[in-house]
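K.L.:
What follows is a predicted structure for the sequence shown.
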Amino acid sequence: MLKKLSIAFLAAAAMTAHAQNPIVQTCYTSDPAPMVHNDRLYVYTGHDENGADFFWMQEWRVYSTDDMANWTDHGSPLALESFSWADDRAWAAQTIERNGKFYWYICAHSKISGGMAIGVAVGDSPTGPFRDALGKPLFENGSWDHIDPSVFIDDDGQAWLCWGNPQLYYLKLNEDMISYEGGLILADMTEEAFGAPLMKNREKGRKYKDSYVEGPWLTKRNGTYQLIYAAGGVPEHISYSTASSPTGPWKYAGEIMPLCPTNSFTNHAGVADYKGHSYFFYHTGKLPGGGGFGRSAAVEEFTYNADGSFPTIMPTDEGVKPIGTFNPYRRVEAETMAFSRGLRTEQNRKVGVYVTDAHNGDYIKLRNVDFGTETPRTFTARVASGLRGGAIEVRTDSIKGEMIARLEVPGSGGWEEWKTLKAEVKSKVGGTHDLYLCFTGRKGPHLMNFDWWRLK
Ligand code: FUB
């Protein structure tokens, strides 16, 4: 189903050159939370299930890029089963680095309290492995308010965690990032702060300017604290408030991403500065088959106003421009792509994340691939096929562009029987091109699994 719809989506997207939103086409990726580390930008997402009728989410995922166009899928290093106390709703989360460790703050339904709880996982790298840092929730009290944690480390080193729907809560984290000082802090949910007070304090029949709902993202710009959040109720838009302290009192500052026809009644934002650019991440229901419970991460570039305030940011299908070139003369994980058609990714212990569900006509696109001045001589790929296999055609500039190499992939004796195969590059290629890895073979069956490739 998803596959057929992906094809329809591509047909629509093809009308706009280089449409790249949503940024991942191999599965649904909700509630994006960016983090920059060592010159790479990572996005931590949720994972909406195919065909879901609610937010029945079971795992979190990680993607990364160094050029904002070609994204590597790092799979799912964290899931509900990573937390012995959690049994449902792997909802919005955010990761931050401190002292060489990566802390992934999540929320999930707790079988201990029966409400939503805030948990924290820790890992030694941005892509894990991660483990529950405490073996119990960091905070819970049986309430369902405890969703959507956002973490922020201030210039003085003080870390803050905030979250909540419809009330905004905070904890003052200790330096270890897995314990806190003092008790739960409740934000003042006033009209001045968010455009409307809490629902229970609103005047009947009165129209308010805006309102805080959920999905806070706490940050600081030019010495001013900014709290970005999903606003307005259902459907949601994105607004923000500012303050001179991380816990407020907040002052309503306006909408950032207005209500738009994105096919999703929720929205969830995160911002990051990366390589001299500013990026706004959010989600839409625009991947085929998607919708309110099938949401996907998208990104827009924006420029802050001179005073540090946000401009209005509109969702686009084009997304952002590449800010670098891609080096094909190294082992490239097959799950690195700017765009793909019809494919999914899986992961196992043997090879990690790999591309699967490759049918005749499916493809991977990479953008801004720099072939340099010397033409490559060989295309090598690690592949497996439990049936008859097929071929990978390596083409430049479009799916119908010049075929520079064709790798025949015979059956390897099993879907996890990996073989490294090589084909000659037959045409000269130099400079920068988009690169397409096109799967061909018998119409109908899954042709092959694909682990990595390299030009030499
Ligand atoms: O993804 C599940 C919930 O939907 C999140 O926790 C909210 O922010 C909304 O996006």
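P.N.:
Yep, it's here. As the structure is a prediction and not an experimental result, all values here were calculated from the model.

K.L.:
What about T127, how many residues nearby?
P.N.:
Around T127 sit 20 other residues, with neighbours defined as other C-beta atoms under 10 Å. Just so you know, the C-beta spots here come from the backbone N, C-alpha and C atoms, and that holds for glycine as well.

K.L.:
for the ligand, what are the nearby residues on the stretch 51-200 of the chain?
P.N.:
55, 91-92, 147-148 (C-beta under 6 Å from any ligand atom).

K.L.:
between these, which has the most around it?
P.N.:
The member of these that has the most neighbours, counting by other C-beta under 10 Å, is A92 with 32 neighbours.

K.L.:
residues in contact with that residue?
P.N.:
30-31, 33, 46, 107, 147-149, 215, 268 (C-beta atoms under 8 Å, 6 or more residues apart in numbering).

K.L.:
Assign a three-state SS to it, would you?
P.N.:
Classification of A92 by DSSP: H, G, I helix; E, B strand; the rest coil places it in coil.

K.L.:
isn't T242 right up against W250?
P.N.:
Yes: taking contacts as C-beta atoms under 8 Å, T242 lies within contact range of W250: 7.0 Å.

K.L.:
which residues do those two both contact?
P.N.:
Common neighbours of T242 and W250 (criterion: C-beta under 8 Å, 6+ apart): L227.

K.L.:
more crowded one of the two?
P.N.:
Counting neighbours by other C-beta under 10 Å for T242 and for W250 shows that W250 has the greater number, 24 against 20.

K.L.:
can you tell me which residues contact that one?
P.N.:
Counting by C-beta under 8 Å, 6+ apart, W250 touches 187-188, 192-194, 227, 241-243.

K.L.:
Could you rerun that using 6 Å?
P.N.:
Residues near W250 by C-beta atoms under 6 Å, 6 or more residues apart in numbering: 193, 227, 241, 243.

K.L.:
Helix or strand for the first one, just tell me which one.
P.N.:
Counting by DSSP states H and E, the element that carries A193 is helix 191-194.

K.L.:
State the number of residues packed around the nearest residue to G123 once chain neighbours are set aside.
P.N.:
Closest residue to G123 in three dimensions, ignoring its sequence neighbours and counting by C-beta to C-beta, 6 or more residues apart in numbering: F130, at 4.0 Å. Number of residues near F130 (other C-beta under 10 Å) recorded here: 24.

K.L.:
Output the below-cut-off pLDDT ranges for this protein.
P.N.:
Filtered on pLDDT under 70, the chain yields the residue ranges 1-17.

K.L.:
In the record's domain split, what are the boundaries for it?
P.N.:
Following automatic domain parsing, the chain resolves into domains at 25-302, 332-455.

K.L.:
Turn these into CSV, including distance to G319.
P.N.:
Supplementary listing: these in CSV, determined by distance: least, C-beta to C-beta, whole Å:
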stretch, distance to G319
domain 25-302, 6
domain 332-455, 10
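
K.L.:
Out of those, flag the one nearest E318.
P.N.:
For the domains of the chain, the distance to E318 is smallest for domain 25-302, at 9.1 Å, taking C-beta to C-beta.

K.L.:
end to end, how far does the closest one reach?
P.N.:
Chord length of domain 25-302, first to last residue, is 23 Å (C-alpha to C-alpha, to the nearest Å).

K.L.:
now stretch 146-158
P.N.:
Between the opening and closing residues of stretch 146-158 we find a distance of 22 Å, counting by C-alpha to C-alpha.

K.L.:
Assess the claim that T432 and G372 are in contact.
P.N.:
No: T432 is not in contact with G372 according to C-beta atoms under 6 Å; the separation is 9.2 Å.
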